[in-house]
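1. let's see this in three dimensions:
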Amino acid sequence: MGMKHFKAYTPSRRNMTVSTYEEVTKKTPEKSLLATKKKNSGRNSYGRITVRHQGGGNRQKYRIVDFKRNKLDMTATVMGIEYDPNRSSNIALIQYEDGEKAYILAPVGLKDGDKVVSSDKADIKPGNCMRIENIPVGTMIHNIEINPGQGAKLVRAAGQEAQLMAKEGKYAHVRLPSGEMRLVMSVCKATIGTVGNQDHENVKLGKAGRTRHLGVRPTVRGSVMNPVDHPHGGGEGRAPVGHAGPLTPWGKPALGYKTRAKNKNTNKFIVKRRK
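-> This is a model prediction of the structure:
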């Protein structure tokens, strides 16, 4: 997918890029697969802000994406590739032989009219889904389950892919995009290929307004606040942090501080850390 650049007729246009959406072939979503999406602006049930910098943004409908792929051994035809405002990747509308429609994540190379299937006997081609035990070692995969039948949880963002490195007993070694090597049960499902919309990471928003369209409100630096509001605040003029390292507004270490629990139950499934 290409990128569109603009002439610098305003300061924000100078650095702005947008996707050309060459992969997208269907403009309007399937109404039967839409759900309402209520925004709470980062507030809890008491109306208090628990997540900062959320609010506003363009109105969106949620697209119901099939992450389980439970319709086995039934071929589906790709009806179109669509834009999804709720995720970085594009989605593909597929229709099964019995007429049922569903959304799946659109991998690289998937086109209108292609056939996809969820089956242990499926070909190794983009969009087909099967259990990891039936996928050849070295294959690039995405949309990976952690627990059998739970639905895909891993490797779902635009341009991401994991590699099946080895199989050993009831577990498979999967190298995730972060570089982490992890054990995944061989009976879990995964989809062949790389997630599409690979140029998503090259989009430059260019101006504050495009960030607001995404529902992100402004962030204020702690160093310009008062001491009562932030550990970095206070002092005459521009002052340094004044601590051993940067802190969050609540006094916890920030930037590189590891928050994963030392005795987390799933630590045993991580063969190699990403760092």
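2. closest to the centroid, which residue in the protein?
-> For the chain, the residue nearest the mean C-alpha position is residue 157 (3.2 Å; C-alpha atoms, centre = their mean).
3. can you get me a residue count around the nearest residue to it once chain neighbours are set aside?
-> Distances taken as C-beta to C-beta, 6 or more residues apart in numbering put residue 88 closest to residue 157, at 5.2 Å, once the chain neighbours are dropped. Just so you know, the C-beta spots here come from the backbone N, C-alpha and C atoms, and that holds for glycine as well. Residue 88 has 16 neighbouring residues, counting by other C-beta atoms under 10 Å.
4. quick one: residue 88 from residue 113, how far?
-> Using C-beta to C-beta, to the nearest Å, residue 88 is found at 25 Å from residue 113.
5. again with residue 143
-> Separation of residue 143 from residue 113 (C-beta to C-beta) stands at 21 Å.
6. do residue 228 as well
-> Applying C-beta to C-beta, the value for residue 228 to residue 113 is 62 Å.
7. likewise for residue 43?
-> Distance from residue 43 to residue 113, by C-beta to C-beta: 45 Å.
8. before we move on, what about residue 206?
-> From residue 206 across to residue 113, the span is 36 Å (C-beta to C-beta).
9. those two: which has the busier surroundings?
-> residue 206 (18 against 8).
10. helices along the stretch 101-250 of the chain, start to end?
-> Secondary structure of the stretch 101-250 of the chain by DSSP state H, counting those that start in this stretch: the helices cover 208-213.
11. in it, which spans are strands?
-> Using DSSP state E, counting those that start in this stretch, the strands assigned to the stretch 101-250 of the chain run over residues 101-105, 115-116, 129-131, 140-142, 144-145, 152-154, 162-168, 171-175, 181-185, 189-192.
12. with mean pLDDT and distance to residue 201 as added columns, please give these in TSV.
-> Shown next, in TSV, are these (pLDDT from 0 to 100; distance: least, C-beta to C-beta, whole Å):
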stretch	mean pLDDT	distance to residue 201
strand 101-105	97	16
strand 115-116	96	25
strand 129-131	96	25
strand 140-142	97	16
strand 144-145	97	20
strand 152-154	97	18
strand 162-168	96	17
strand 171-175	97	19
strand 181-185	96	23
strand 189-192	97	21
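13. please identify the deepest-packed of the ones you listed.
-> With neighbours taken as mean count of other C-beta atoms under 10 Å, these reach their highest mean count in strand 189-192, at a mean of 25.
14. looking at the protein, which residue lies furthest from center?
-> Within the chain, the residue lying farthest from the chain centre (C-alpha atoms, centre = their mean) is residue 236, at 42.3 Å.
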